[in-house]
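A.B. asks: Fold the stuff below for me.
(2 chains)
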Protein chains: 2
Amino acid sequence: MSGSLPATPQPADLWPDVQPDAARRLMLAGVESFARRGYHATTTRDIAATAGMSPAALYVHFPSKAALLFAISRSGHEQVLSVAREAQENAPGPAEAMRELVERFTAWHARRHTIARVVQYELGALPEEEYRVVASLRKDIEDLVRGLVDRGRAEGVFTVGDPHTAARAVLSLGVDVARWYSDRSRQTPEELAKEYADLTLRMLGVPDSPAG
Amino acid sequence: MSGSLPATPQPADLWPDVQPDAARRLMLAGVESFARRGYHATTTRDIAATAGMSPAALYVHFPSKAALLFAISRSGHEQVLSVAREAQENAPGPAEAMRELVERFTAWHARRHTIARVVQYELGALPEEEYRVVASLRKDIEDLVRGLVDRGRAEGVFTVGDPHTAARAVLSLGVDVARWYSDRSRQTPEELAKEYADLTLRMLGVPDSPAG
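C.D. replies: Below is the predicted model:
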């Protein structure tokens, strides 16, 4: 499936690591229900019905509604973290690494906008222990971006006033894509991602490349 | 009340145009309840209890939960629109107007982060007719920012690839402040606003001012 197609995502594409397929179908039903009505207004009965299962079948895979939210939230954060890590692997310097990172981060939030909305906006609904796991993944993502900003400054590639705020703004632009992006948006996830990478490098004081 | 104090906001400060005080107290109770549990999981009984009133007293001021959400949403959008309009009034040029606009827009979303969260994330819960009113206010805000980007380009002050995306990014950075800002945040709304204005002008291709 091409990422730029607004086709209905298949559970196996969204969560290739989750088994069996029934668990993935419940996660997708959870995403759709939470995104539509919010976590607190959704019942496990709603989710099971959306997935075409009985409530009892849901409990086979997830002991509670909170466990389902946690599975969605943890998986989403792990995907974003690995997207961010991969972006740095082959980049020759901080500017190229930041471009890759913003492109992938933005494209993920556009392509997976419904999942991303639940992942980003229902954090407060996680039970305490589950919240700590997700908060630690968030910290890893933030540290990675902050580390890249610091590296770029140290190498004289980025010039920013307050590196904390700059790192925050880089992530914030990408996260907010989940709020406004829809399958009817003017640009594909990849087109938007490229524009956002250009804007981000400018924010960090990198002169426009001749091709840009 | 100074905007940078994390003091509990008073209903009369938040909605000076709304009368009587009971209506304002219900709007504040609505904001707190919707932000905590989401619109759909909140009952009018919850809101009345939070405001220390009876459900019957709520209906004196708002005929429904949707009417209360609409009052909160419309007022929030009107406040943001007038903040954005005022920013342009005394600015000598597009760069100064954009700086003012981003500073005020960002500070509003930080200072009023709980209201802003409801305003930005519960749009989908508005009934159709009320949604159209709010969508028209949003379009006014977007047109204003887009018009300013276009003016800056025409005057050779801004250089951007795609002006639509640039205008979107300007607003998006400020809106997302509502998601992550809290009273425990490191910076005051004004400090953050200044940093965000600097970052935004860079995104738009304005060279740093000597003072920055």
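
A.B. asks: Figure out how far stretch A:69-87 is from the centre of its chain.
C.D. replies: Relative to the centre of its chain, stretch A:69-87 is centred 7 Å away, using CA atoms, centre = their mean, to the nearest Å.

A.B. asks: same deal with stretch A:22-38?
C.D. replies: Per CA atoms, centre = their mean, the displacement of stretch A:22-38 from the mean C-alpha position of its chain is 16 Å.

A.B. asks: Skip ahead from the lowest-mean-pLDDT helix or strand in chain A and say which helix or strand is next.
C.D. replies: Taking mean pLDDT, DSSP states H and E as the measure, chain A has helix A:11-14 as its least confident helix or strand, at a mean of 84. Using DSSP states H and E, the helix or strand that directly follows helix A:11-14 along the chain is helix A:21-37.

A.B. asks: which helices and strands sit right next to that following helix?
C.D. replies: The contact analysis (3 or more CB pairs under 8 Å, 6 or more residues apart in numbering or on different chains; DSSP states H and E) places helix A:21-37 against helix A:11-14, helix A:44-50, helix A:55-61, helix A:65-89, helix A:113-121. To be clear about C-beta, it is placed using only N, CA and C from the backbone, and glycine gets the same treatment.

A.B. asks: Next, the buried residues of the longest helix along chain A.
C.D. replies: Ranked by number of residues, the top helix in chain A under DSSP state H is helix A:128-154. By neighbour count, and taking 16 or more other CB atoms under 10 Å in any protein chain shown as the criterion, the buried residues in helix A:128-154 are A:130, A:134, A:137-138, A:141-142, A:144-146, A:148-149, A:151-153.

A.B. asks: and the angle from that helix to helix A:113-121?
C.D. replies: Orientation check (axes from the mean of the first three to the mean of the last three CA atoms, to 10 degrees): helix A:128-154 against helix A:113-121 gives 100 degrees.

A.B. asks: which is the next helix or strand following helix A:128-154?
C.D. replies: That would be, after helix A:128-154 and using DSSP H and E, helix A:163-180.

A.B. asks: Averaged pLDDT, that next one. What do you get?
C.D. replies: Averaged across helix A:163-180, pLDDT comes to 97.

A.B. asks: Residue numbers of chain A in contact with chain B?
C.D. replies: Taking CB under 8 Å from any CB of the partner chain, the part of chain A that reaches chain B is made up of A:37-41, A:120-121, A:161-162, A:164-166, A:168-169, A:172-173, A:175-177, A:179-180, A:186-187, A:192, A:195-196, A:198-199, A:202-203, A:205, A:208, A:212.

A.B. asks: any weak-confidence spans in chain A?
C.D. replies: Screening chain A residue by residue with the criterion pLDDT under 70, one finds the ranges A:1-8, A:210-212.

A.B. asks: so who does A:Leu173 touch?
C.D. replies: A:Leu173 makes contact with A:Val102, A:Thr106, A:Tyr196, A:Leu199, A:Thr200, B:Ala169, B:Ser172, B:Leu173, B:Asp176 under the criterion CB atoms under 8 Å, 6 or more residues apart in numbering or on different chains.

A.B. asks: Now render these as CSV, adding distance to B:Gln19.
C.D. replies: Formatted as CSV, these follow (distance: CB to CB, whole Å):
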residue, distance to B:Gln19
A:Val102, 47
A:Thr106, 45
A:Tyr196, 44
A:Leu199, 43
A:Thr200, 45
B:Ala169, 38
B:Ser172, 34
B:Leu173, 35
B:Asp176, 33
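
A.B. asks: which of those residues lies closest to B:Ala67?
C.D. replies: B:Asp176 (28.1 Å; CB to CB).

A.B. asks: Tell me how many other residues crowd A:Gln162.
C.D. replies: Residue A:162: Asp, not Gln. One way to gauge burial is a neighbour count; for A:Asp162, by other CB atoms under 10 Å in any protein chain shown, it gives 17.

A.B. asks: Touching, it and B:Tyr196? I think so.
C.D. replies: No. Here A:Asp162 lies out of contact with B:Tyr196, judged by CB atoms under 8 Å, at a distance of 10.5 Å.

A.B. asks: hang on, the earlier thing: check which helices and strands the least confident helix or strand of chain A sits against.
C.D. replies: helix A:21-37.

A.B. asks: And the helix it packs on, what's buried?
C.D. replies: A:22-35, A:37.

A.B. asks: OK, contacts around A:Trp15?
C.D. replies: A:Trp15 makes contacts with A:Arg24, A:Met27, A:Ser75, as judged by CB under 8 Å, 6+ apart.

A.B. asks: need the contact list for the closest residue to the second one other than its chain neighbours.
C.D. replies: This points to A:Met27. The shortest distance from A:Met27 to any non-neighbouring residue, by CB to CB, 6 or more residues apart in numbering or on different chains, is to A:Ile72 (5.5 Å). For A:Ile72, the contact set (CB under 8 Å, 6+ apart) comprises A:Met27, A:Gly30, A:Val31, A:Phe34, A:Ile115, A:Val118, A:Val119.

A.B. asks: mind checking how far A:Ile72 is from B:Pro55?
C.D. replies: Remark: distance between A:Ile72 and B:Pro55 (CB to CB, to the nearest Å) = 35 Å.

A.B. asks: Quick check: A:Ser172 vs A:Glu142, distance?
C.D. replies: In this structure, A:Ser172 and A:Glu142 are separated by 11 Å, where distance is defined by CB to CB.

A.B. asks: And for A:Val102?
C.D. replies: Distance, A:Val102 to A:Glu142, using CB to CB: 14 Å.

A.B. asks: residues in contact with the residue nearest to A:Pro127 when sequence neighbours are not counted?
C.D. replies: What sits nearest to A:Pro127 in space, not counting adjacent residues and going by CB to CB, 6+ apart, is A:Ala66, at 5.2 Å. A:Ala66 makes contact with A:Ala125, A:Leu126, A:Pro127, A:Glu130 under the criterion CB under 8 Å, 6+ apart.

A.B. asks: Recalculate using a threshold of 10 Å.
C.D. replies: Going by CB atoms under 10 Å, 6 or more residues apart in numbering or on different chains, A:Ala66 touches A:Tyr39, A:Ala125, A:Leu126, A:Pro127, A:Glu130.

A.B. asks: follow-up on the earlier one: the contacts of A:Trp15 into JSON lines, with extra columns for distance to A:Val83?
C.D. replies: Conversion of the contacts of A:Trp15 to JSON lines gives the following (distance: CB to CB, whole Å):
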{"residue": "A:Arg24", "distance to A:Val83": "19"}
{"residue": "A:Met27", "distance to A:Val83": "19"}
{"residue": "A:Ser75", "distance to A:Val83": "12"}
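
A.B. asks: From the residues you listed, pick the one nearest A:Pro11.
C.D. replies: The shortest separation between A:Pro11 and any of these is 3.5 Å, and it belongs to A:Arg24 (by CB to CB).
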